[in-house]
Structures are given as structure tokens and as C-alpha cells.
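J.: When you get a sec, could you give me coordinates for this:
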Amino acid sequence: MSGVWMFGKNGVVRLISNPTRESFEQTEPPFPGTATAPGARPRVLVFLPANQIIRSYAELEQRLGELGWTRYRNSDRPDLLQFHRSENSVHLISLPVNFAKFKSLYMYDIVVKNRYFFEVRDSES
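T.: Okay, here's the model as predicted:
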């Protein structure tokens, strides 16, 4: 693994491959739901039946609701937005409350749990 290991404000370490000066100065992603590593392509979550790019949690909640997911209110974790299929299901989608922190890791979790309905694509911009 080559690159530079950086400590974030929250104490989490991340690897920056092929670092540039901008990658060290950049603290937040330029677009919500995008990768911050230099050279990484921004990703978007697409709802396939409508070919719609998900741009907010309101849109995501609507589409997940159509697929049978309901909002799970967890008072122990107010920092997470969670959805589950039913009270008896082990399937749970956990997302950060701030959509700006919605990265490809969370997108792929949604895709794995909703095959044929969602897809992660490279951003057009």
C-alpha cells in the first residue's frame, strides 16, 4: 500500500493514494455522496426502475419505502438514519444522518440488500 496515511478530526485514519496538495486541504467532499480521495471518481446511487439519481434522504426514503423498507427509530443511535424490512428481519440499513457523509460504502450496502433496484455509478460531473 503506497500513499499517505491521514488522521481525520474524529481520529479515524485513512489512506490517500497518490496524494496532492488539494487532498490534504480538503476536509469535506465537494459534492454530497462523493469520494474525497484524489483520483477517485465520484459515485452516485441510482434507482434503476426510474433511472433516478438519489440526491437526498427524502428521495431515498421514498424509494426504500416502495420496496418495503420502513424507518427504524433507534433512540440509542441518534447519529444514524436506519431502515429495516420488518420487525422480524435481520436486514438493517444504517446511514449517517448528514447526507454529505453518504459515501459509496453506504451506497453499496443498499445495492447488496436491494438487488435489481439500485446501482452505484460514476458521477457524470
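
J.: Strands of the chain, residue ranges please.
T.: For the chain, strands defined by DSSP state E occupy the ranges 4-7, 13-16, 43-47, 52-53, 70-72, 80-84, 92-96, 118-122.

J.: Dig out what residue 7 forms beta bridges with.
T.: residue 13 (DSSP bridges).

J.: For it, give me the pLDDT.
T.: In the predicted model, residue 7 carries a pLDDT score of 75.

J.: Now render the strands of the chain as CSV, adding distance to residue 110 and mean neighbour count.
T.: In short, each C-beta sits where N, CA and C put it, glycine included. Below are the strands of the chain laid out as CSV (distance: least, CB to CB, whole Å; neighbours: other CB atoms under 10 Å):
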stretch, distance to residue 110, mean neighbour count
strand 4-7, 27, 11
strand 13-16, 22, 12
strand 43-47, 7, 20
strand 52-53, 13, 14
strand 70-72, 14, 14
strand 80-84, 9, 18
strand 92-96, 6, 17
strand 118-122, 5, 15
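
J.: for those strands, which one sits closest to residue 108?
T.: strand 118-122 (6.0 Å; CB to CB).

J.: Just list what that closest one packs against, helices and strands only.
T.: strand 43-47, helix 104-113 (3 or more CB pairs under 8 Å, 6 or more residues apart in numbering; DSSP states H and E).

J.: now the ones you listed as TSV including distance to residue 82 and mean pLDDT?
T.: As requested, these are arranged in TSV below (distance: least, CB to CB, whole Å; pLDDT from 0 to 100):
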stretch	distance to residue 82	mean pLDDT
strand 43-47	17	94
helix 104-113	12	94
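
J.: For residue 9, find the nearest of these.
T.: Comparing the helices and strands packed on strand 118-122 under CB to CB, the one sitting nearest is helix 104-113, at 18.7 Å.

J.: okay, that closest one in CSV with CA atoms only?
T.: Output of helix 104-113 as CSV, limited to C-alpha atoms (Å, rounded to 0.1, in the frame of the first residue of the first chain):
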residue,chain,number,x,y,z
SER,A,104,-20.1,4.7,-1.7
LEU,A,105,-19.7,2.3,1.3
TYR,A,106,-23.3,3.1,2.2
MET,A,107,-24.5,3.0,-1.4
TYR,A,108,-23.1,-0.5,-1.9
ASP,A,109,-24.8,-1.6,1.3
ILE,A,110,-28.1,-0.5,-0.2
VAL,A,111,-27.3,-2.2,-3.5
VAL,A,112,-26.5,-5.5,-1.9
LYS,A,113,-29.7,-5.5,0.1
